[in-house]
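> Could you look at this predicted model? Sequence included:
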Amino acid sequence: MTHFFDALILGGGAAGLMCAIEAGKRGRRVAVLEHADRLGKKILISGGGRCNFTNLHCRPENFLSSNPHFAKSALARYTPADFIALVEKHGIPYHEKTLGQLFCDRSARDILAMLEAECQRAGVSIFQNTKIQKVERTTEFVAHAAAAEFRGAALVIATGGLSIPKIGATSFGYDLARKFGIAIREPWPGLVPLVLSAEDCSRYCDLAGVSAEVIASCDGQNFREKMLITHRGLSGPVILQISSYWKKPQPILIDLAPEREVTAAFRDPSTPRNAGTLRGELRKFLPQRLADRWLDTYTPTSWTNQALADLEKQLHAWTIWPADTEGYEKAEVTAGGIDTDELSAKTMESRKVPGLFFIGEVVDVTGHLGGFNFQWAWASGAAAGRAL
Ligand SMILES: Cc1cc2nc3c(=O)[nH]c(=O)nc-3n(C[C@H](O)[C@H](O)[C@H](O)COP(=O)(O)OP(=O)(O)OC[C@H]3O[C@@H](n4cnc5c(N)ncnc54)[C@H](O)[C@@H]3O)c2cc1C
């Protein structure tokens, strides 16, 4: 059986659905082809089930890409305010959690239901359980599924990245790009916990569950948020953020005492210069178990001014050499992807293959933690949807 549409959208996630809505509203006959048994599975698990659907302070600086300017156009033409207006039109209750991050009060299901309702209103045809095995380009694009083929003048790839394969992530988008000779920036797992070396793990991992506010830096970037020790390494928002910038074998520097001078107390000549005093000072801002463990590991060998200065430096630049990340199984996003040089920043259309578009996470634009990845999915989806 052959189905004819103006545009075929592969992938019924955040970007694909937004693209379909925008194109459908403009009268295009659009099909969303989704291989899973339901749409938007990632939306449902996002933000701990409450979907951090955007960020009030969304700026181009909140994204990684080999071309930092690429995302600007789409982000400017579909803003957090545009998505919030849609959320409010559907009467979905939401709140700001922290740092401009907007979450549903009730459940991520509200966001998916909203997108589905908008698709329906825009006359979008949805095909679930539809795995596309092959795509050909004749005078139009032909997408072959097991029991049907779909034809359309435009093809939008919205199949996402490699993160969380158990809910349907595939390499389809990258494979298809290669087939059409479109360059890819080698993908890597982003927003992902880090695994410590066996030696560091034996030192710290029994403190699993302990957290502290720190500054983590790597590759010229730094973030100040909570760090969490896990059974295998480090996690928490600050580590997820910096992980997107980390590549083996770089070190990550952790400032355990942001904006504090821990050894200041020793300037007072009446303060005893010993481990007891230092322990007390560390415990003022670090959880007790972490303070004690750090001191046991880095006990000063002398108490001279120089030794104290060295210690102060070490506290602000605790250097760790992660063994690895937890990989795509645990990564919230896939960094890298379709090279932005291949795409129009205005429409997301391939420069080499007219009619072929790439949107969302499959593109080499990756947001920081905090609702930015969905904002990119909405913005890039809208950009393509308006061009179809
Ligand atoms: C646990 C978790 C929590 C997250 N929380 C947040 C958050 O709160 N805020 C935020 O901004 N971001 C969050 N993210 C990131 C965000 O979910 C993604 O960046 C976003 O969903 C990307 O949208 P997308 O449409 O590009 O891809 P996806 O949402 O992954 O959608 C791709 C779709 O394509 C389908 N597909 C794949 N291959 C094929 C194929 N061959 N044929 C047909 N269909 C196919 C998939 O089944 C999927 O439905 C989270 C991610 C994870 C894993």
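Great, that's in hand. Numbers count the residues shown, from 1 in each chain.

> Residue numbers of the chain in contact with the ligand?
10-16, 33-36, 41-42, 45-47, 51-52, 131-132, 158-160, 163-164, 168, 170, 172, 332-333, 360-361, 371-374, 377 (C-beta under 6 Å from any ligand atom). Heads up, the C-betas are built off the backbone N, CA and C, glycines and all.

> Can you name the residues that contact the residue nearest in space to the middle of the chain?
What sits nearest the mean C-alpha location of the chain, by C-alpha atoms, centre = their mean, is Val333, with 4.1 Å. Contact analysis of Val333 by C-beta atoms under 8 Å, 6 or more residues apart in numbering lists Gly161, Ser163, Pro189, Gly190, Leu191, Ser244, Glu361, Thr366, Gly367, Asn373.

> Quick one: those residues as TSV, columns for distance to Asp200 and secondary structure too.
Shown next, in TSV, are the contacts of Val333 (distance: C-beta to C-beta, whole Å; DSSP: H, G, I helix; E, B strand; the rest coil):
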residue	distance to Asp200	secondary structure
Gly161	29	coil
Ser163	25	coil
Pro189	20	strand
Gly190	22	strand
Leu191	21	coil
Ser244	21	coil
Glu361	31	helix
Thr366	27	strand
Gly367	29	strand
Asn373	29	helix
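
> Of those residues, which is the most crowded?
When neighbours are taken as other C-beta atoms under 10 Å, the top entry among those is Glu361 (33 neighbours).

> Show the model's pLDDT score for the nearest residue to that one once chain neighbours are set aside.
Sequence neighbours aside, Gly161 is the residue nearest to Glu361 in space, at 4.2 Å (criterion: C-beta to C-beta, 6 or more residues apart in numbering). Listed pLDDT for Gly161 reads 96.

> mind listing what the helix or strand hosting Ala7 pairs with, with the direction of each?
Applying DSSP states H and E as the criterion places Ala7 in strand 2-10. Partners of strand 2-10 in the sheet, by DSSP bridges, are strand 30-33 (parallel), strand 149-157 (parallel).

> any idea which helix or strand comes after that strand?
Following strand 2-10 in sequence, per DSSP H and E, is helix 14-25.

> what distance separates stretch 13-24 from the centre of its chain?
Offset of stretch 13-24 from its chain centre (C-alpha atoms, centre = their mean, to the nearest Å): 19 Å.

> now do stretch 68-83
Centre to centre, stretch against its chain (C-alpha atoms, centre = their mean), the figure for stretch 68-83 is 16 Å.

> what's the answer for stretch 122-131, then?
26 Å.

> Same question for stretch 11-19.
On C-alpha atoms, centre = their mean, the centre of stretch 11-19 falls 16 Å from that of its chain.

> ok so, going back, ok, and which of the strands paired with strand 2-10 has the densest surroundings?
By mean neighbour count, with neighbours taken as mean count of other C-beta atoms under 10 Å, strand 30-33 ranks first of the strands paired with strand 2-10 at a mean of 27.

> And for that strand, what's in contact with it?
For strand 30-33, contacts defined as C-beta under 8 Å, 6+ apart pick out 3, 5-12, 16-17, 20, 23-24, 39, 119, 122-127, 130, 132, 143, 145, 150, 152, 388.

> Let me have the strands paired with strand 2-10 in a markdown table, extended by distance to Leu308.
A markdown table is the format used below for these (distance: least, C-beta to C-beta, whole Å):
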| stretch | distance to Leu308 |
| --- | --- |
| strand 30-33 | 63 |
| strand 149-157 | 57 |
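
> Select from the residues of the chain next to the ligand every entry located in strands.
Mapping those onto strands (DSSP state E) picks out Leu10, Leu33, Asn52, Val333.
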